[in-house]
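Participant: Build me a model from this:
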Amino acid sequence: MSKLTVAALIVVSFVAGVASQTWLVSSLMAQGQVSPLKQIDLGDWCPGKELAIGIETIGPQHQSRHYHNAYSFAWMIEGAQRRMVDGKPVESFKVGDIVMESPAEISESDILAPTRVLLFRIAEKGKPLTVRLP
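Facilitator: Model prediction:
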């Protein structure tokens, strides 16, 4: 193999690696990533419940109808979103705002800018925190 062929393979491999990393990171951010910080069983004080604390990072997108098996409190660290709940006016949130969602409250959201939120959830143990609807 000539030096030119080896150099071309190195350049193509590098470009492919950068492109796939960029695609993977943007794909993951668009889906939303929750980094768990703490999960605590509330035991006898609140049987069947747990506290889940985490940071969610999500890219601009429309989040289809979904609900949470928890009381959710989200403090907007950065970004902006609009939240739509059936029968209620559209709510807009920006940095510094706190969003509260009741258990099983069906909503959808428009994430308007890359967003990070600090989440506090009092959740039902053993159930998924988020349920996506068809």
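
Participant: From now on I want contacts and neighbour counts done on CA atoms only, so please keep to that.
Facilitator: Fine.

Participant: how does the protein divide into domains?
Facilitator: Following automatic domain parsing, one finds the domains of the chain at 1-31, 33-132.

Participant: how about a markdown table for those domains, with mean neighbour count added?
Facilitator: Listed next are the domains of the chain as a markdown table, based on neighbours: other CA atoms under 10 Å:
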| stretch | mean neighbour count |
| --- | --- |
| domain 1-31 | 12 |
| domain 33-132 | 16 |
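
Participant: after the least confident helix or strand in the chain by mean pLDDT, next one along is what?
Facilitator: Among the helices and strands of the chain, helix 3-31 carries the lowest confidence by mean pLDDT, DSSP states H and E, at a mean of 51. With elements assigned by DSSP states H and E, the helix or strand that comes after helix 3-31 is strand 33-41.

Participant: Just the CA coordinates for that next one, please, in CSV.
Facilitator: Extracted in CSV, the C-alpha atoms of strand 33-41 (Å, rounded to 0.1, in the frame of the first residue of the first chain):
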residue,chain,number,x,y,z
GLN,A,33,-30.9,12.2,28.7
VAL,A,34,-31.5,12.1,32.5
SER,A,35,-28.4,11.8,34.6
PRO,A,36,-29.6,10.4,37.9
LEU,A,37,-28.2,12.2,41.0
LYS,A,38,-30.0,10.5,43.9
GLN,A,39,-32.8,8.0,44.4
ILE,A,40,-34.3,7.5,47.9
ASP,A,41,-36.9,5.0,49.1
